[in-house]
Structure formats: structure tokens, C-alpha cells
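Visitor: Here is a sequence together with a model predicted from it:
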Amino acid sequence: MAGDREEAAERDRSPPPRPSVSSALERVAAAVEAVAAAGEFRNAYRRQLLALSRRIRLLGPFAEELRERRRTPARVDQEEERALAPLAGALEKALELLRLGHDGSRISLVFERDRIMKKFQEVIAQLEQALCDFPYNELDISNEVREQVELVYTQLKRAKERVDMPDDEFYNDLISLYNKTYDPSAEVAILERLSERLHLMTITDLTQESLALHEMVTSGGGQDPGEHIEKMSMLLKKIKDFVQTHNPEMSTPMTSKVTESSREEKTIIVPDEFRCPISLELMKDPVIVATGQTYERMCIEKWLASGHHTCPTTQQRMANTTLTPNYVLRSLISQWCETNGIEPPKRSSQPNKPTPACSSSERANIDGLLSKLCSPDPEEQRFAAAELRLLAKRNAHNRLCIAEAGAIPLLLSLLSSSDLRTQEHAVTALLNLSIHEDNKASIMSSGAVPSVVHVLKNGSMEARENAAATLFSLSVIDEYKVAIGGTGAIPALVVLLSEGSQRGKKDAAAALFNLCIYQGNKGRAIRAGLVPLIMGLVTNPTGALMDEAMAILSILSSHQEGKAAIGAAEPIPALVELIGSGSPRNRENAAAVMLHLCCGEQQLVHLTRAHECGIMVPLRELALNGTERGKRKAVQLLERMSRFLVQQQEEQESHSRLQAASAQAVPQIPDQVQENEIPDQLDSPASQFPVLL
């Protein structure tokens with residue numbers, strides 16, 4: 001059965017085969033067969049693609065009947081060729097569109113909405129025209145098949161007149177994330193909608209999207225491929241981080257998780273997409289070259305250093321030698337390693353990395369600004385920091401050039417400036433530089449975190465916000481979560497979450513969420529007073545930062561200290577209300593927190609309170625209609641609640657039997673004596689619950 005599932009999955013991943021070019025009839029038949037063999041479509045155009053595919057598959061009996069008639073005599077009829085040629089061309093155009101929908105980047109397809117919808121309309125119009133006034137009688141088509149073809153024609157004519165556009169909200173969500181124009185308080189809801197609508201919920205889906213995205217962006221016309229790839233990759237990484245955080249059990253593209261007892265007996269097969277095409281080893285530092293292919297950095301650098309100018313996989317000549325980190329794939333490899341009990345590969349240091357190709361004028365401008373950073377004149381320092389801030393904001397090329405010119409240590413020195421405006425420009429410039437993956441290591445190795453924390457505690461509100469955002473940007477790297485957590489950053493972030501502006505609270509929540517993914521930082525956050533603050537946000541009637549608060553609460557509830565602190569805040573009524581009426585993601589997070597609370601020493605207290613608050617009805621509804629993770633948590637909670645209620649019923653029945661036995665043993669006891677001498681604990685609600693040993 002496992003082999004069957006793997007073969008089925010492979011068929012789903014395989015693109016529709018290309019028809020061979022021969023007679024018009026063979027082209028029609030091959031196109032129809034190719035469409036019938038296509039796998040599922042998992043993107044924003046799924047409805048439109050399925051409709052087009054379904055209509056073409058209805059032409060299968062038509063193509064088969066023509067083939068049957070053609071077999072004797074085996075010749076090509078000229079009239080038939082003329083009649084079928086337009087249909088063959090239209091079907092091949094449709095097949096190209098279906099291939100694009102099957103293989104193309106799901107994110108890029110949404111961005112190219114207008115072009116894709118124009119293609120749909122062109123294909124539908126071409127198919128409709130090819131079937132209009134088709135010479136059925138001349139080709140001796142049976143009435144049954146003719147009726148089916150005419151049905152397809154009618155459907156195409158109706159589809160031609162009615163444009164079936166994708167959801168505008170979906171398109172706007174992606175655009176707002178790409179351009180960073182969204183309301184920060186809506187980020188979690190946007191990521192939830194995108195991950196579900198784009199079908200990016202598993203490691204396999206995310207890996208395939210990463211590969212498809214970079215291949216398509218590189219071949220896209222007109223735009224700067226390096227900057228565009230980086231921006232699109234960071235967007236995909238946002239979705240991946242959201243999915244990983246909210247669904248830590250997401251499936252992997254290979255066998256089930258290996259336990260300690262069986263690890264030595266099972267051979268773990270590394271997925272092909274995680275291997276470098278040159279070394280065939282698991283990639284530590286995957287990078288993208290100009291052709292869109294991904295390689296291990298060290299391997300492709302050796303290839304280039306040997307004088308090669310072509311891509312090892314495609315043999316295409318590379319337009320440039322720029323290596324762009326594949327953020328998403330690197331993170332997916334780490335997740336896969338963790339899932340399978342393998343130590344994630346460590347990135348090797350790169351002391352001899354090539355410097356970015358800055359023009360002489362660009363480098364002269366940057367060097368001039370760096371000189372002003374060292375000036376004793378505060379005005380010049382402020383001006384230079386502001387200019388570098390703007391330059392670093394513009395594109396990835398500038399970020400690399402500024403960092404390579406040695407700006408990071410100079411900007412760090414200004415974080416202690418008494419001029420708050422200079423300090424603000426400096427920390428924001430560092431934030432912009434940190435967006436580029438290669439600069440993160442330079443910032444961390446320069447000892448930046450204590451200085452950033454100083455700004456977080458003492459700067460202007462805008463400087464504090466950007467300091468928090470800098471810590472969030474740096475903490476994307478797992479090993480930096482540990483280093484940042486040990487510098488006193490977490491208490492300062494908790495303070496900003498408490499007293500900052502709305503944007504400051506948002507930045508603080510994002511940084512705290514990222515840092516608390518590391519288990520060692522959870523205790524620091526709890527001891528800094530994060531739980532009461534988060535519970536205040538959860539119960540805030542305005543609902544401000546509710547999504548962020550529930551995400552953080554879900555993470556902290558897995559920590560023993562966190563569970564105790566959450567339980568002490570009497571969260572059950574609020575959690576039950578969220579399970580019943582919250583957003584899909586908040587419902588699942590509330591269920592996850594409840595599940596943690598209902599395990600351990602205080603489980604009876606929490607189970608009792610949850611039952612009193614009427615949790616069973618919203619739990620059943622969540623188990624039926626929630627997100628996948630929400631359904632799992634709801635089912636687990638329902639099982640636990642059911643066991644508790646059964647135990648409670650048994651205790652009540654035992655209590656009743658004891659009362660009956662006492663009444664039978666002393667039937668003549670006067671009422672007054674009975675009232676005074678029956679032990680109090682028999683009437684106490686506490687005796688109705690089992691005692692955990």
C-alpha cells in the first residue's frame with residue numbers, strides 16, 4: 001500500500017505529458033489524453049483549471065471515435081485535417097495553460113492574475129470557435145458523441161461570456177504582504193488565508209513552491225531577478241514560518257518520524273530536492289544561481305572558481321554569478337532534519353565571499369557616508385545615518401554593498417549616541433541591512449544585540465519599535481534566538497509590549513513570538529511577566545493584537561512554568577469563548593492551550609471549569625469545521641473531556657450507592673440525627689471527582 005501511495009503521489013506531481021506533433025487527429029487525441037493524465041491543481045485558479053480540464057476530458061469519446069474510424073484505411077483525410085486543425089491548436093494552447101497551472105509557482109500565478117485570466121479567456125474563445133459549426137456529418141460522428149461535443153461547446157460559450165475571476169481579497173492579501181502595506185494586526189489572518197488558499201500546508205508543498213517560484217521569477221521578463229527573488233522568497237518564508245509555528249506536525253515528503261528505538265534499523269532517505277545536484281549531499285547553505293537552480297554554496301562556488309560559466313544542471317550560460325540564499329529551502333531542510341531526528345546541517349563560514357559588484361560611483365558615495373559617520377560633527381553623523389537608512393531600504397544590492405564597505409560597526413557605535421534622532425536612524429539602518437540574510441551573521445558577530453537592547457530600553461518610541469523589529473529579523477536564524485535571549489532582550493520586549501505604541505506592541509509581539517520558539521527563552525519570557533500581559537490582550541474587548549497574543553500563548557502553554565502561569569490567570573472562560581467564536585487560527589490556538597492545561601496536576605480543576613463554561617458544543621463544532629490542526633486538538637480535548645465526565649458519573653453513582661447502603665443499614669434513624677451525623681464530604685462537590693495519584 002505504501003508503494004501505491006508513493007506512485008499516486010508521483011503521478012500527482014508529474015506534469016501533463018507533451019503530445020507528439022503529427023496529424024491533427026493525433027494531436028487532438030494526444031492533448032485530450034494528456035489532460036486526462038494531469039494531476040491535481042493546487043493554486044488560486046483551481047476552480048477555473050478544473051473546469052477547463054473537465055470540459056476537455058469530455059472530448060475523450062469524440063477523439064476515440066475519430067481514431068477508430070481512422071484505423072481503416074490508415075490515411076490522413078484532407079477534409080478531416082482542415083476540420084480538426086483549429087481544434088488541435090486550441091487544445092494544445094489549453095494544455096500549455098494547464099501545465100502552467102500544474103507546475104507554475106502558486107505565488108507568481110496570483111501576482112500575474114491579469115495575464116493568467118487573459119490566457120483563460122483566449123483559450124476558451126479559441127476552443128469555442130473551433131467547435132462552432134463543426135462538420136459532424138462530414139466526419140460521420142455518431143449522435144451520442146455529437147451531443148457530448150455540443151454540450152462542451154455550450155459550456156465554453158457560457159464560460160466565454162462570463163469571466164470567472166479569482167477572489168479579490170486573496171489577490172489583495174498577497175499584494176499587501178509583498179509590498180508590506182498590510183495592517184500589522186491582520187498579518188496572522190492574512191497568512192492563514194494565503195497558506196490555505198495556496199495549499200501551502202506541508203513541507204512537500206512548500207519545497208515545490210520554492211523551486212517553482214525561483215525558476216519562474218528568473219525567467220520572468222523585465223524585473224531585477226535578484227531583488228525580486230529575494231522579496232518573493234521572504235514572502236514565502238513568512239508563509240512557511242506561519243505554517244510551521246501553527247502546525248508543527250505538518251507532514252514531510254518522506255517516511256514517518258523515526259523513534260529512538262527504531263532509528264538504527266531504519267534508513268532515512270534524503271528527499272532529492274534537499275540534495276545538491278553537484279555533490280548529491282544534503283545541502284547546508286542552499287543558494288540560487290541566475291538560471292533559477294539551487295546548489296550548495298560551497299559546491300557552486302568551486303564550480304565557478306574553476307572557470308565554468310554554465311549552470312551544471314541546465315547547461316545554460318549564466319547571465320551573472322550572483323548567489324542568492326534560498327531562505328525557504330534552508331528552513332525546510334532544518335524542519336525536515338528536526339522531524340526525522342537528524343542534527344540540522346551547520347553552515348560553513350565563508351571568509352572569502354566575493355564582494356557585490358558595486359559601481360565605482362556607488363562605492364564612492366557609500367565610502368563618503370561612512371566617513372561622515374566617523375565625523376565629530378553630530379549634524380554630519382545624523383545626515384549620514386539617515387542616508388544609509390534610505391539606501392539600505394531600497395534594494396538587496398545596496399544592503400550588501402553597505403555591509404561590505406564596513407558600515408555595521410560604525411552604525412553600532414551610534415546606537416549609544418545622545419542624539420536620539422541619530423540613534424533612530426542608525427538602528428533603522430541596521431534593521432534594513434539585517435533583512436539580507438548574509439548581513440545577519442555580520443551584525444551578530446559585531447556584538448550588536450546589547451546595543452540594540454540599549455535602544456529598545458532608552459530610545460525614542462520609533463527607535464524602540466525598530467530595535468524590536470531588528471531583533472525579530474535577526475531571530476529568524478535559530479542559533480541567534482539563543483544568543484538574543486541571553487542578552488536581556490526579552491524583558492525589554494515585554495516592557496515595550498506593555499507600554500509601547502500600537503506599532504511598537506506589534507513589533508514587540510512579533511519578536512517575542514519568534515524568540516519563544518526556542519524552549520530556553522520561554523522561561524525567560526514567563527519570568528519577565530509576559531503571561532499576565534498576554535492574558536490582558538486575550539480578554540481585551542477591542543481585540544487588539546488578539547492573533548499575536550493567542551499565538552504566543554499557544555507556545556508558552558507547552559512550557560511547565562507557562563502552563564502554571566496561564567492557569568493562575570483563570571483563562572478558561574476566555575478560551576472557551578474563543579473556541580466557539582474566534583477566528584479559525586485563534587480557535588485552534590485556544591484549543592491547543594486548553595489541551596495543555598488539561599494535562600498535569602491541575603487538570604481536574606481546568607476540566608471542571610471548562611465543563612461549567614459549556615465547552616462541549618464549541619469543541620464538537622471545531623472538530624467538524626476547524627482547521628486541520630484545530631480539528632486534531634478538538635478531538636483530543638473531546639476525548640479527555642469524555643473520560644473526565646465518565647469518571648465524574650462513576651463517582652456520582654458510587655456516591656449514590658454509599659448513600660443507599662447507609663440508609664438501608666440504619667433505616668430507623670430519626671431525621672434530626674440523619675441530618676446531623678451524615679459526613680459533610682458526601683455532600684461536597686469535591687467528592688464527585690477522581691483523585692490523581
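Guide: Received the coordinates, thanks. Being a predicted model, the structure only gives us computed values, none of them experimental.
Visitor: if I look at Val453, how far off is Gly459?
Guide: Distance, Val453 to Gly459, using CB to CB, to the nearest Å: 10 Å. (Glycine included, C-beta is placed from N, CA and C.)
Visitor: If you could redo that for Ile190, that was the one I meant.
Guide: For Ile190 relative to Gly459 (CB to CB), the value is 29 Å.
Visitor: swap in Ile56?
Guide: Using CB to CB, Ile56 is found at 62 Å from Gly459.
Visitor: From what I see, Ser460 and Glu424 are in contact.
Guide: Yes. The pair Ser460 / Glu424 is scored as a contact, 5.6 Å apart, by CB atoms under 8 Å.
Visitor: So which of the two has more stuff around it?
Guide: The residue with more neighbours, out of Ser460 and Glu424, is Glu424; 27 against 14, by other CB atoms under 10 Å.
Visitor: What number of residues are in the vicinity of Leu637?
Guide: Neighbours of Leu637 (other CB under 10 Å): 23.
Visitor: Tell me the buried residues in the helix or strand that contains it?
Guide: Assessed by DSSP states H and E, Leu637 sits inside helix 628-665. Across helix 628-665, burial judged by 16 or more other CB atoms under 10 Å covers 629-638, 640-641, 644, 648, 655.
Visitor: And for Leu191, nearest residue in space, chain neighbours not counted?
Guide: Distances taken as CB to CB, 6 or more residues apart in numbering place Phe242 nearest to Leu191, at 4.0 Å, with adjacent residues excluded.
Visitor: is it fair to say that neighbour lies in a strand?
Guide: No. Under DSSP: H, G, I helix; E, B strand; the rest coil, Phe242 sits outside any strand and is assigned helix.
Visitor: is it true that it touches Val188?
Guide: Yes. Between Phe242 and Val188 there is a contact at 7.2 Å, judged by CB under 8 Å.
Visitor: Those two: which is more packed in?
Guide: Neighbour tally, Phe242 and Val188, criterion other CB under 10 Å: the higher count belongs to Val188, 23 against 20.
Visitor: Distance of the more buried one relative to Ala509?
Guide: Applying CB to CB to Val188 and Ala509 gives a distance of 10 Å.
Visitor: One more: Ser418?
Guide: 30 Å.
Visitor: How about Arg609?
Guide: Applying CB to CB to Arg609 and Ala509 gives a distance of 27 Å.
Visitor: Looking at the two, which is more packed in?
Guide: It is Ala509, of Arg609 and Ala509, that has more neighbours when counted by other CB under 10 Å, with 28 against 20.
Visitor: what about Leu58, neighbour count?
Guide: Leu58: 15 neighbours (other CB under 10 Å).
Visitor: Wait, it touches Val152, no?
Guide: Yes. Contact status for Leu58 versus Val152: in contact at 5.1 Å, counting by CB under 8 Å.
Visitor: can you pull out the helices in the stretch 351-500 of the chain?
Guide: 360-373, 378-394, 396-404, 407-413, 420-434, 437-445, 448-458, 461-474, 478-485, 489-499 (DSSP state H, counting those that start in this stretch).
Visitor: Quick one: residues in contact with the shortest one.
Guide: What it means is helix 407-413. Applying CB atoms under 8 Å, 6 or more residues apart in numbering, the contact partners of helix 407-413 are 366, 369-370, 373-374, 385, 388, 426, 429-430, 433, 439, 442-443, 446-448, 451.
Visitor: and it, how far out from the chain's middle?
Guide: In terms of CA atoms, centre = their mean, to the nearest Å, the gap separating the centre of helix 407-413 from the centre of its chain is 33 Å.
Visitor: Dump the C-alpha coordinates for that helix into PDB.
Guide: C-alpha atoms of helix 407-413 as PDB (Å, rounded to 0.1, in the frame of the first residue of the first chain):
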ATOM      1  CA  ALA A 407      29.100  50.200   7.800                       C
ATOM      2  CA  ILE A 408      27.900  47.800  10.500                       C
ATOM      3  CA  PRO A 409      30.400  48.600  13.300                       C
ATOM      4  CA  LEU A 410      30.100  52.300  12.600                       C
ATOM      5  CA  LEU A 411      26.300  52.200  12.800                       C
ATOM      6  CA  LEU A 412      26.600  50.200  16.000                       C
ATOM      7  CA  SER A 413      28.700  52.900  17.600                       C
END
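Visitor: ok, back up a step: out of the buried residues of helix 628-665, give me the two with the largest separation.
Guide: Pairwise distances across the buried residues of helix 628-665 peak at 38.8 Å for Arg629 and His655 (criterion: CB to CB).
Visitor: so is Pro344 in a helix, a strand, or just coil?
Guide: Recorded secondary structure, Pro344: coil (three-state DSSP).
Visitor: Return the distance of it relative to Leu323.
Guide: Using CB to CB, Pro344 is found at 21 Å from Leu323.
Visitor: out of the two, which sits in the busier spot?
Guide: The neighbour comparison of Pro344 against Leu323 (other CB under 10 Å) goes to Leu323, with 21 against 17.
Visitor: what's around the nearest residue to the more buried one once chain neighbours are set aside, how many residues?
Guide: Leaving aside its chain neighbours, Leu323 sits nearest to Val287 (4.1 Å; criterion: CB to CB, 6+ apart). Residues lying near Val287 (other CB under 10 Å) number 22.
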